[in-house]
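A.B. asks: what shape does this take:
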Amino acid sequence: QVQLVESGGGLVQAGGSLRLSCAASARIFSSNAMGWFRQAPGKEREFVAAINWSGLTAYTDSVKERFTISRDNAKNLVYLQMNSLKPEDTAVYYCASYPVPYYNGKNSPRYWGQGTQVNVSS
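C.D. replies: As a prediction, this is how the structure comes out:
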């Protein structure tokens, strides 16, 4: 089975925090890199963060120092801790699974979740 289920989205004021969670089926989590993407209204989906199977992380510049991606390999969970949220962070956030253990800046995910809405008010 292939399943990615996001949770934790919601409405928060600017400057606040949210933690997104993604529960993945073992088949697409084990030994694979995981990532978070987002899509704002009228914009294309964009990369936010990724974490290798080893724990090495990567972030888009706009979220560095504010967002932290992490994973719990024993529970097949990946998280996105979002601090100091800004209105421009408003988007649907998607969890994704890569078909390889690493993210190299060029490879693309194979599987996607349904997304969770994050709204940041000013």
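A.B. asks: flag every buried residue along the lowest-mean-pLDDT helix or strand in the chain.
C.D. replies: Ranked by mean pLDDT, DSSP states H and E, the weakest helix or strand in the chain is helix 26-29, scoring a mean of 90. Of the residues in helix 26-29, 28-29 count as buried by neighbour count, 16 or more other CB atoms under 10 Å. (C-beta placed from N, C-alpha, C; glycine too.)
A.B. asks: restricting to C-alpha, output the next helix or strand after that helix in CSV.
C.D. replies: Helices and strands here follow DSSP states H and E; after helix 26-29, the next one along the chain is strand 34-39. Extracted in CSV, the C-alpha atoms of strand 34-39 (Å, rounded to 0.1, in the frame of the first residue of the first chain):
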residue,chain,number,x,y,z
MET,A,34,11.1,12.5,2.4
GLY,A,35,10.1,16.0,1.6
TRP,A,36,7.6,18.8,2.1
PHE,A,37,6.3,21.0,-0.7
ARG,A,38,3.7,23.7,-0.7
GLN,A,39,1.4,25.4,-3.2
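A.B. asks: is Ser62 in a helix, a strand, or coil?
C.D. replies: Secondary structure of Ser62, reduced to three states by DSSP: H, G, I helix; E, B strand; the rest coil: helix.
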